[in-house]
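A.B. asks: Here's a sequence, model it:
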Amino acid sequence: MPPSTSPDPAADSVRRRAVLAKLPRISRLDGSAIRVLLVDDEDTLTNLVSLALSYEGWIVDVAHTGQAALRAYRDNRPDVVILDIMLPDTDGLSVLRHLRSGGSTTPTLFLTARDSVDDRIIGLTAGGDDYMTKPFSLEELVARLRGLLRRTVQAVPEEQAALVVGTLTLDETSYRVRRDDADIMLTTTEFDLLRYFMRNPMRVLSRAQILDEVWNYDFAGRGSIVDLYVSYLRKKIDAERAPMLHTVRGVGYMLRPAE
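C.D. replies: Predicted coordinates for the structure are as follows:
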């Protein structure tokens, strides 16, 4: 684990576990247990993470290779995926691209020893929703997974399910996005980013606000990840249409109905 600035790292860990223990359990909408697909070739790591997640009441399926991960995903349909990049038979990026190409929007967290900013950006642009580097804190991993799961497994009141801005509609219950009666396929992070814009139409949102709301982490203060995902959204919701997503130079971004 990385060194702590606290004089007593063990005490810090105990406090973090105590905080997590007080949080409400997260389950599927039907009340069944959350299912996690953990993909890593290190037995020690998968054993530790599986144990930590079992304390949350979650079911953990473990795969040690990319091919095993694809089979486990197909057979078990997990609610969230933890994915290493370096695997014996392929790389995690290829695994996730394969899943995304098949229409999967399952939240995915990369857990890897690759720790450069470029590696983070590559992982996120491949369709990842979060990125952690080894060594890591088990408590932080659980907290990040809970953050990803809150976006997808908790019920939304029916009257609040649909967001509409101009001809763009986002249904938070079905995770369906449409513009001009055409379906738009988004990754989980793209969906969360669009939802934030649609909850704040005609309002300029800064990069810092977007990072805090959508990612919950500042990625070392690098707003470039926001710019990258905004460009992805533009390609999908504004493609060959009058633009809705606008840059306010020096400030941030705004979503408004097309003119």
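A.B. asks: Name the nearest residue to Val39, sequence neighbours excluded.
C.D. replies: Take Val39 and drop its neighbours on the chain: the residue closest to it by CB to CB, 6 or more residues apart in numbering is Ala69, 4.3 Å away. All C-beta spots, glycine's among them, are computed from the backbone N, C-alpha and C.
A.B. asks: Report the separation between the two terminal residues of stretch 87-94.
C.D. replies: In stretch 87-94, first residue to last residue: 10 Å (CA to CA, to the nearest Å).
A.B. asks: what sits up against it?
C.D. replies: Contacting residues not belonging to stretch 87-94 are listed as 39-41, 64-67, 69, 83-86, 95, 110, 112, 122-123, 126 [CB atoms under 8 Å, 6 or more residues apart in numbering].
A.B. asks: repeat that with 10 Å
C.D. replies: 39-41, 63-70, 81-86, 95, 97-98, 108, 110-112, 114, 119, 122-123, 125-128 (CB atoms under 10 Å, 6 or more residues apart in numbering).
A.B. asks: Give me the buried entries from those.
C.D. replies: Among the contacts of stretch 87-94, those classed as buried by 16 or more other CB atoms under 10 Å are 39-41, 63-64, 66, 68-70, 81-85, 95, 108, 110-112, 114, 119, 122-123, 126-128.
A.B. asks: Just those residues: which are in strands?
C.D. replies: Val39, Ala63, Val81, Ile82, Leu83, Thr108, Phe110, Leu111, Thr112 (DSSP state E).
A.B. asks: list the contacts for the first one?
C.D. replies: Going by CB under 10 Å, 6+ apart, Val39 touches 46, 61-66, 68-70, 72-73, 81-85, 87, 92, 95-96, 108, 110-111.
A.B. asks: 8 Å instead?
C.D. replies: 62-64, 66, 68-69, 81-84, 87, 92, 95.
A.B. asks: Also the last one?
C.D. replies: By CB under 8 Å, 6+ apart, the contact set of Thr112 is Asp84, Ile85, Met86, Gly92, Asp119, Gly123, Tyr131, Met132, Thr133, Lys134.
A.B. asks: can you list those residues in CSV and add pLDDT and distance to Leu194?
C.D. replies: Formatted as CSV, the contacts of Thr112 follow (pLDDT from 0 to 100; distance: CB to CB, whole Å):
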residue, pLDDT, distance to Leu194
Asp84, 96, 29
Ile85, 93, 27
Met86, 93, 32
Gly92, 94, 25
Asp119, 86, 26
Gly123, 88, 21
Tyr131, 92, 20
Met132, 92, 24
Thr133, 91, 28
Lys134, 91, 31
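A.B. asks: and which of the residues you listed is nearest Tyr196?
C.D. replies: Nearest to Tyr196 among the contacts of Thr112, counting by CB to CB, is Tyr131 at 19.3 Å.
A.B. asks: if we can go back for a sec, now, among the ones in strands among the buried ones among the contacts of stretch 87-94, which is nearest to Arg176?
C.D. replies: Out of those, the member with the shortest distance to Arg176 (by CB to CB) is Thr108, at 20.2 Å.
A.B. asks: Output stretch 181-191 as CSV, restricted to C-alpha atoms.
C.D. replies: This file holds the C-alpha atoms of stretch 181-191, laid out as CSV (Å, rounded to 0.1, in the frame of the first residue of the first chain):
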residue,chain,number,x,y,z
ASP,A,181,-36.6,9.6,-32.3
ALA,A,182,-33.3,8.0,-33.0
ASP,A,183,-31.6,5.9,-30.3
ILE,A,184,-28.1,6.9,-29.2
MET,A,185,-25.8,4.3,-27.6
LEU,A,186,-23.7,5.6,-24.8
THR,A,187,-21.2,4.1,-22.4
THR,A,188,-21.9,4.4,-18.6
THR,A,189,-19.7,7.4,-18.2
GLU,A,190,-21.0,9.1,-21.3
PHE,A,191,-24.5,8.5,-20.0
